[in-house]
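# Below: sequence and its predicted model.
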Amino acid sequence: MKINFFTHTAKCGGAEFSLIDLIRVAECEKKKVTLLDSGDLVAKLKSFDAEVNEFHRGNGYFEFIRKLFYLKTSFKGYDIVYSNSNRAYLWALLVKLLFFKRFKLIWHLRDAMDGNHFGIIRYPVCLSSRLTGVFVVFNSEYTRSAFRSSFGKDGLVIYNGFDMKNFSTNEVSNQSSPYKIAMISRISPWKGQKEVIKAVANLDFNVEVLVCGAPLFGEDEYYNEICREVEILNLKDKVKFLGNVSNVPKFLAETDINLVIHASTLPEPFGRCVVEAMLTGIPVMASNLGGVPEIANKDSFAYLFDPLEPNDLERGLKFCVSSQQSLMAKAKQADKECRNKFSYENLRESINVFLRNVYEN
Ligand code: GLC
C-alpha cells in the first residue's frame, strides 16, 4: 500500500501538526507528502524523515495548470491520496477526475462545516462526498455532525494522537503572582485573543497573559488590532506576544503557567492545545463549543465556559484564580486519562485499520 499524504499549505497550524502525527504512525510500504506550497512545514516533515514534495509558487497565468500537473506527477504510482484539508480534497478530486486517476481518495475533515465557519458553499462541497466515493474521517464527533448536517456522508471519527514521550508534567508553576495565563493558537478573530485581552483588563488581580501564535492565514489586520487594543487598555505589562512557539510540549512543561485558556468564539473542531495542556498537568479553561466538550470532561477536568454569554469568560477567570488549588489537582487527574485517550497507540491502531479497509475496499 502506497500512501500520498496531501495538504494545500506549508504553514504549521493544528491541522498540520496532526498530519505529522498521522504520518509517523501510518504503516505502509511507501509514503510521501505532497504540499501545494513551500514553507516551515517542509523542514518539520523532513526532520521525521518524511519524503516531501513542495510546490514553489509563481504568479504567471498558467499557475493553475502548473499546479494540476505538479499534483498529477506527485500522485503518480500511489494507491491512496490522503487529503488533510478541504482544499486538498478539492484539488485531489479535480486531478482524479480530469486525469482519470484510480487512486483512492481520503478526506480528513479538520474544519467544522457549519454555518458559523462556512457559507452555503459548504452544501455542494459536503454533498460531493456522496457522489465521488471519497472516504471521510473526522477529528471529532462535532466535525462529523456538522458535515452530516450539510449533506455530507458518514465516516469515522479518529481523535488526534500525541507522542507522549514529548510530554512531561509542569513542575515549575507556582502560585505566586502574577497569575500566568497562556493562550496557544494561531492568531485569528475566532480564536478569541481579543476577548481574553478585554476580560483581563477588567480583572482586579495581578495576571499576565502569554499570547502564543501568529497570524497564519492572512489575519495580520486582526493581529494589529489586538496589539492596538493592548495599548489602549494600557496592558503592555500584562500581555506578552510570544509569536509561534516551536515546541509546545516543552514550552508547557518548562514555563511558569497557571492556566491555559482556549477561548474560541466559534465551535472549535478539536482543540489540540486543550489536550496538550492536560498532558502537562496544567489547568485548562475552554469554550464549551464544538469538539472541546468531547475532549475535556466537563465535570472533572477543565473549566468550560460559554463564550456567547457576555460575562462568562471574566467570571470563569475569577473562578479559576480562586480555585487554583483544586484545579491543579484535577489537572493531574486529567493528565492520566488523556494519556490513554489520545495516545499514539490508539491513533496507530485506528488509522491503520482504516487505511487497510480503504485499500482493500
Ligand atoms: C484544525 C482545527 C483544530 C484541530 C486541528 C487538528 O486546525 O481547527 O481544532 O485541533 O485541526 O485536528
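Cool, got the structure. Numbers count the residues shown, from 1 in each chain.
# Quick check: end-to-end length of stretch 57-65?
12 Å (Cα to Cα, to the nearest Å).
# Make sure Glu208 is indeed in a strand.
Yes: with DSSP: H, G, I helix; E, B strand; the rest coil as the criterion, Glu208 is part of a strand.
# Can you get me a residue count around the nearest residue to it once chain neighbours are set aside?
Closest residue to Glu208 apart from its sequence neighbours, by Cβ to Cβ, 6 or more residues apart in numbering: Pro178 at 4.3 Å. Every C-beta, even on glycine, is put in place using the N, C-alpha and C of the backbone. When neighbours are counted by other Cβ atoms under 10 Å, Pro178 registers 14.
# tell me which residues of the strand or helix carrying Lys330 are tucked away?
Assigned by DSSP states H and E, Lys330 belongs to helix 324-341. For helix 324-341, burial by neighbour count (16 or more other Cβ atoms under 10 Å) applies to Leu327, Met328, Lys330, Ala331, Ala334, Asp335, Cys338.
# Counting by contacts, list what it packs against.
The contact analysis (3 or more Cβ pairs under 8 Å, 6 or more residues apart in numbering; DSSP states H and E) places helix 324-341 against helix 272-279.
# Following the chain past the helix it packs on, name the next helix or strand.
Note on helix 272-279: by DSSP H and E, the next helix or strand toward the C-terminus is strand 284-287.
# send the alpha carbons of that next one over as PDB?
Provided in PDB are the C-alpha atoms of strand 284-287 (Å, rounded to 0.1, in the frame of the first residue of the first chain):
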ATOM      1  CA  VAL A 284      -7.500  24.500  31.400                       C
ATOM      2  CA  MET A 285     -10.300  26.800  30.900                       C
ATOM      3  CA  ALA A 286     -12.000  26.400  27.500                       C
ATOM      4  CA  SER A 287     -15.000  27.400  25.400                       C
END
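# Return the closest of the buried residues of helix 324-341 with respect to the ligand.
If you rank the buried residues of helix 324-341 by distance to the ligand using Cβ to the nearest ligand atom, Cys338 comes first, at 14.2 Å.
# Helix or strand next in line after the worst-scoring helix or strand of the chain on mean pLDDT, which one?
When the helices and strands of the chain are scored by mean pLDDT, DSSP states H and E, helix 324-341 comes last with a mean of 87. For helix 324-341, the following helix or strand on the C-terminal side (DSSP H and E) is helix 344-360.
# What sits closest to Glu268 if chain neighbours are left out?
Residue nearest to Glu268 in three dimensions, not counting chain neighbours: Gly290, with 4.2 Å by Cβ to Cβ, 6+ apart.
# ok, back up a step: run the angle between the helix holding Lys330 and helix 272-279 for me.
For helix 324-341 against helix 272-279, the angle by axes from the mean of the first three to the mean of the last three Cα atoms, to 10 degrees is 110 degrees.
# roughly how far is helix 324-341 from the heart of the chain?
With Cα atoms, centre = their mean, to the nearest Å as the basis, helix 324-341 stands 21 Å off its chain's centre.
# try stretch 238-246
Here the centre of stretch 238-246 is set off from its chain's centre by 18 Å, with Cα atoms, centre = their mean.
# what comes up buried for it?
Buried residues in stretch 238-246, defined by neighbour count with 16+ other Cβ under 10 Å: Lys238, Val239, Phe241, Asn244, Val245.
# measure the fourth one to the ligand for me?
Using Cβ to the nearest ligand atom, to the nearest Å, one obtains 14 Å as the distance from Asn244 to the ligand.
# That residue: what's it in contact with?
By Cβ atoms under 8 Å, 6 or more residues apart in numbering, the contact set of Asn244 is Cys12, Cys212, Gly213, Ala214.
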